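Trainee: With the sequence up front, the predicted model follows.
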Amino acid sequence: MQFLKILLWVLLAFVAAIFTFGNWTWVTINLWGGLVAEVNLPFLMLLTFLAGWLPTYLYLRTQRWRLAQRLNTAERVIADLKPTPVILAADPVPTPVTPPVPLPPADKLL
């Protein structure tokens, strides 16, 4: 599986490099106040990608963090509400009583 991940990243880097070399042109951007900026097209594409991806990613991470905090709080509350088991002293185990062995009559002993 690790090999496939590496292969995917290498393929993506290769496609990005081909796109960069094929589209290495300057793009003129008209800014406010009569300012003009000339930017490479691959750099402009990267900036627009990050402008769309980064806020979404930060929102997702914030939501996951909030949910994790809520889950931890709920687990602590549940742990506090659980009754602690009471351990009673165990009754000593009674030893078995063996019945006395009847002795033979005294006249039969001799």
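Mentor: Received the coordinates, thanks. Residues are numbered from 1 along each chain as shown.
Trainee: any idea which element the residue nearest the centre of the chain lies in?
Mentor: Taking Cα atoms, centre = their mean, the centroid of the chain lies closest to residue 68, which sits 9.0 Å from it. Assigned by DSSP states H and E, residue 68 falls within helix 41-81.
Trainee: gap between that helix and the chain center?
Mentor: 12 Å (Cα atoms, centre = their mean, to the nearest Å).
Trainee: Which elements pack onto it?
Mentor: If contacts are counted by 3 or more Cβ pairs under 8 Å, 6 or more residues apart in numbering; DSSP states H and E, helix 41-81 sits against helix 2-22, strand 26-30. Using the backbone N, CA and C atoms, a C-beta is placed for each residue, glycine as well.
Trainee: want to try a markdown table for those, with distance to residue 79 and mean pLDDT as columns?
Mentor: Formatted as a markdown table, those follow (distance: least, Cβ to Cβ, whole Å; pLDDT from 0 to 100):
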| stretch | distance to residue 79 | mean pLDDT |
| --- | --- | --- |
| helix 2-22 | 38 | 94 |
| strand 26-30 | 57 | 93 |
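Trainee: So for residue 58, which of the ones you listed sits nearest?
Mentor: helix 2-22 (22.3 Å; Cβ to Cβ).
Trainee: could you give the angle of the closest one to helix 41-81?
Mentor: 150 degrees (axes from the mean of the first three to the mean of the last three Cα atoms, to 10 degrees).
Trainee: low-scoring stretches of this structure, by residue?
Mentor: 88-93, 106-110 (pLDDT under 70).
Trainee: same thing but 50
Mentor: Along the chain, segments meeting pLDDT under 50 are nowhere present.
Trainee: show me what contacts residue 27?
Mentor: Contact analysis of residue 27 by Cβ atoms under 8 Å, 6 or more residues apart in numbering lists 38, 39, 40, 41, 44.
Trainee: and of these, the nearest to residue 77?
Mentor: residue 44 (50.6 Å).
Trainee: which one is that closest one nearest to, not counting chain neighbours?
Mentor: residue 27 (5.6 Å; Cβ to Cβ, 6 or more residues apart in numbering).
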